[in-house]
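**Q** Give me coordinates for this.
(one chain, ligands or ions: 1)
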Amino acid sequence: MNISLEFFPPKTAETQTQLGLDSQKLAALKPSYVSVTYGAGGSTRDGTRRTVDQMKSQFGDVAPHVSCIGATRHEIQALLEDYRSIGIGRLVALRGDLPSGYGQGGEFAHAIDLVRFIREKFDDHFFIEVAAYPEFHPQARSADLDMQHFVEKMKAGAHGAITQYFFNSDAYFRFVDEAYAKGVDQPIVPGIMPITNFTQLARFSDACGTEIPRWIRQRLQSYGDDTASIRAFGHEVVTDLVDQLLTAGVPGIHFYTMNKAEPVLKIAEALKLYQAG
Ligand code: FAD
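**A** Predicted coordinates:
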């Protein structure tokens with residue numbers, strides 16, 4: 001099974017050290033690669049670069065995320081040349097969302113422009129993955145248009161896609177079927193978010209357009225501050241989801257680790273994706 005793991009750049013020396021410990025535990029999953037997020041507008045530029053270095057020495061194959069909104073072609077070219085010079089061969093290419101106060105501007109309107117730019121300037125050097133939204137992007141004008149934009153982005157030169165996290169497997173299956181019917185033939189790997197903290201999950205989900213089904217939301221809410229129950233129930237729900245996806249033969253599993261080893265390892269162990277040592 002192709003497992004990939006996503007990390008974000010820690011903000012302090014302490015959390016950077018902690019990430020080293022957690023990622024070391026996660027190495028037991030033998031991920032095919034790990035990815036490192038990037039704050040749009042370059043807000044995590046140094047942190048992403050540091051974390052890419054850290055992960056490269058630990059895992060070898062690292063995919064930095066690159067978000068293009070607000071950036072110039074010159075800036076993106078310099079960033080990618082730097083990555084190429086340190087032996088990076090894959091990227092997750094995104095539009096990104098500018099933090100409030102950054103205004104607009106920049107020379108890329110959508111992720112498809114970044115994909116085209118990477119192919120134009122770097123040919124086949126980078127293996128490019130893009131984002132997919134089984135429940136549709138929050139700014140989508142319609143489901144049809146969002147699908148059309150996704151298909152165009154894939155056909156512009158992406159090698160694969162990773163989905164936004166979801167809890168409705170039908171949304172994923174329908175999305176993939178429709179994309180394939182429209183001529184996409186690259187892998188669309190489900191992104192999986194472990195459930196460990198209801199408040200944070202609800203905030204993220206509202207922002208990114210992921211639905212937390214009512215029966216999950218109600219149960220998580222009913223646990224209040226009882227984090228052990230939230231984690232235990234969350235583990236069951238997400239393990240069942242991954243199990244369904246694996247049974248259906250998905251091309252891989254991309255874990256949004258949130259820089260924490262334990263929730264991911266527990267799911268992987270329950271599904272016998274690795275053996276705890
Ligand atoms: P796009 O593909 O450009 O789509 C964005 C919206 O524009 C959609 O509504 C789409 O329908 C519409 N659209 C696309 N093309 C066109 C067109 N030609 N004309 C009109 N409308 C169009 N964000 C970060 O800042 N940093 C990260 O590291 C990061 N990592 C992520 C990793 C994954 C796997 C995922 C799923 C998301 C990630 N994000 C990250 C979030 C992402 O940047 C946001 O969801 C952002 O709002 C959209 O980015 P995109 O690349 O999907 O954009």
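**Q** show me what contacts the nearest residue to Thr72 once chain neighbours are set aside?
**A** Excluding the flanking residues, the one nearest Thr72 by C-beta to C-beta, 6 or more residues apart in numbering is Glu107, at 5.1 Å. C-beta here means a position set from N, CA and C on the backbone, and glycine is covered the same way. Residues in contact with Glu107 (C-beta atoms under 8 Å, 6 or more residues apart in numbering) are 71-73, 113.
**Q** Could you report the pLDDT at Glu107?
**A** Glu107 carries a pLDDT value of 93.
**Q** does Arg231 really touch Leu201, like I thought?
**A** No - Arg231 sits out of contact with Leu201 when judged by C-beta atoms under 8 Å, with a separation of 11.6 Å.
**Q** When those two are compared, which one has more neighbours?
**A** Leu201 (23 against 18; other C-beta atoms under 10 Å).
**Q** what about the more buried one, distance to Pro263?
**A** Separation of Leu201 from Pro263 (C-beta to C-beta, to the nearest Å) stands at 12 Å.
**Q** which of the residues in the longest helix seen in the chain are buried?
**A** The longest helix of the chain (DSSP state H) is helix 227-247. Within helix 227-247, the residues that qualify as buried are 230-231, 233-235, 237-239, 241-242, 245, counting by 16 or more other C-beta atoms under 10 Å.
**Q** right, and the helix or strand after it?
**A** Using DSSP states H and E, the helix or strand that follows helix 227-247 in sequence is strand 253-256.
**Q** show me where the chain has strands.
**A** Counting by DSSP state E, the chain has strands at residues 3-7, 33-36, 62-67, 90-94, 127-132, 160-165, 188-192, 253-256.
**Q** Between Leu201 and Pro263, which contacts overlap?
**A** With C-beta under 8 Å, 6+ apart, Leu201 and Pro263 have common neighbours Ile195.
**Q** any idea of the pLDDT on the residue of the chain most remote from its centre?
**A** Distance from the C-alpha centroid of the chain peaks at Ser222, with 28.7 Å (C-alpha atoms, centre = their mean). Reading off the confidence values, Ser222 has pLDDT 97.
**Q** contacting residues for it?
**A** Going by C-beta under 8 Å, 6+ apart, the list of residues near Ser222 is empty.
**Q** what's the spacing between it and Ser229?
**A** Distance from Ser222 to Ser229, by C-beta to C-beta: 9 Å.
**Q** likewise Lys11?
**A** For Lys11, the distance to Ser229 - C-beta to C-beta - is 29 Å.
**Q** next one: Leu114
**A** Relative to Ser229, Leu114 is positioned 42 Å away (C-beta to C-beta).
**Q** Correct me if wrong: His137 contacts Thr210.
**A** No - using C-beta under 8 Å, His137 makes no contact with Thr210, being 10.9 Å away.
**Q** Looking at the two, which is more packed in?
**A** Applying other C-beta under 10 Å to His137 and Thr210 shows that Thr210 carries more neighbours, namely 22 against 18.
**Q** Can you give me the pLDDT of that one?
**A** Looking at Thr210, its pLDDT stands at 98.
**Q** got it, and Gly101?
**A** 65.
**Q** same thing with Arg49?
**A** Note for Arg49: predicted pLDDT of 96.
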